[in-house]
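> Provide a 3D model corresponding to the input given below.
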Amino acid sequence: MTEEDCSPWVSEWAEDPRLAYRMNLPSAGMQFPALVVADNGGGDLNLRVFLDSRDAGLWATHRVEGTGPGTWALQADTPPATDPGTETPPDPDPVPPVVPDPEPSPDPTPTTTDQEV
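Below you'll find the model as predicted:
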């Protein structure tokens with residue numbers, strides 16, 4: 001979030017501090033989950049940002065991918081997107097194939113028994 005994104009809530013709180021029960025006040029640089037509502041191409045997205053609030057949110061328009069305030073980024077554990085039907089993303093936790101145990105080798109040295117003596 002940028003300072004400009006936060007200003008509506010900061011000014012609202014300044015007018016009426018009793019609003020604190022409704023939300024935790026956001027500040028610039030904080031990260032929140034968002035839903036993509038429009039892909040404008042070239043990494044430019046319109047987002048519905050979910051704030052730490054019971055009823056407040058942010059419509060963030062024309063946001064680009066980045067690491068600074070006012071940008072969007074995928075979570076570190078999110079696999080990269082693929083075009084549907086062109087490629088299957090790798091399994092994040094593949095199960096190794098089951099390999100059967102090899103047959104035991106016969107013992108090359110003969111043993112004597114009571115019957116052979």
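
> for the rest of this, base every contact and every neighbour count on C-alpha atoms.
Noted.

> remind me which residues of the chain are low pLDDT?
When residues are selected by pLDDT under 70, those of the chain lie in 9-10, 13-14, 19-23, 54-56, 78-94, 104-117.

> what is the burial count for the residue lying closest to Val64 once chain neighbours are set aside?
The shortest distance from Val64 to any non-neighbouring residue, by CA to CA, 6 or more residues apart in numbering, is to Asp44 (4.7 Å). Close neighbours of Asp44, defined as other CA atoms under 10 Å, add up to 16.

> repeat for the one 3 residues further on
The local packing of Leu47 (other CA under 10 Å) involves 20 other residues.

> spit out the contact partners of the residue nearest to Val64.
For Asp44, the contact set (CA atoms under 8 Å, 6 or more residues apart in numbering) comprises His62, Arg63, Val64, Glu65.

> and Asp52, how close does it get to Asn24?
6 Å (CA to CA, to the nearest Å).

> now do Pro69
Taken as CA to CA, the span from Pro69 to Asn24 is 18 Å.

> swap in Val37?
Here the criterion is CA to CA. By it, Val37 lies 24 Å from Asn24.

> ok, now Asn46?
23 Å.
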